[in-house]
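Peer 1: okay, sequence plus prediction incoming.
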Amino acid sequence: MKVKYLKLKNWLLVSVMGALGFTSCHSQKKLAEPKVEEEPAPVEERERDRGEMRLMYGVPTMNFMIRGQVKDAEGRPVRDIRVNMLERNMEASADGIEGDPEMVQQWLDGTEVRTDDEGRFEIQNSGTPQEEVRLMFRDVDGHENGDYQNQLIGLSVKPENVSGAEGWNRGTFSKEVEIELEKK
């Protein structure tokens, strides 16, 4: 008897929560009275003036497009430098990233780009919007092209560097940088 009671209780709770969840997805709240105009309004205005509030579910995203060139102190391009864009909550210094070494290495290997013969690199990434984007530059090829110190830099995400924001898409952050690495 107790099992039947619990099953009935769970079924009722799930039904009520399901009904409430689905009914809350649509709002009947009136925002404004429709405007009376002589000329037809643009489609966006007519949609807005119908008096219904649009609700969106999801996670804001932003695209990142970062291009740059890595040079040495004399202004010569440096090739084969690993460049990684760090995730928002990663604790890092120029010498490395904190966390499980195996997981960190997998992440670094999976997200790296390398500078070409002219020292140029390009990062294309999508993720949650950030106030600052951090880039890690690491010299991992040994003495082949010189020994350079690792470097960690932060780029402020400013409105003038963001385009195409609409809804949950917070746009594309584009930035061109020039990095000077110091010799070890």
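Peer 2: Arrived safely, thanks for sending.
Peer 1: where do the helices sit along the chain?
Peer 2: 2-23, 43-48, 101-111 (DSSP state H).
Peer 1: okay, domains of this structure per the record?
Peer 2: 2-48, 61-180 (automatic domain parsing).
Peer 1: reformat these as TSV; add mean neighbour count.
Peer 2: Backbone N, C-alpha and C define where each C-beta goes, glycine included. Below are the domains of the chain laid out as TSV (neighbours: other Cβ atoms under 10 Å):
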stretch	mean neighbour count
domain 2-48	9
domain 61-180	15
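Peer 1: turn these into TSV, including mean pLDDT.
Peer 2: Output for those, formatted as TSV (pLDDT from 0 to 100):
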stretch	mean pLDDT
domain 2-48	61
domain 61-180	91
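Peer 1: mind listing what the spatially most central residue of the chain touches?
Peer 2: Centroid-nearest residue in the chain: G127, 2.3 Å away (criterion: Cα atoms, centre = their mean). By Cβ atoms under 8 Å, 6 or more residues apart in numbering, the residues touching G127 are T61, M62, F64, E87, R88.
Peer 1: same check on V177?
Peer 2: Residues near V177 by Cβ under 8 Å, 6+ apart: I66, R67, G68, Q69, L135, I153, L155.
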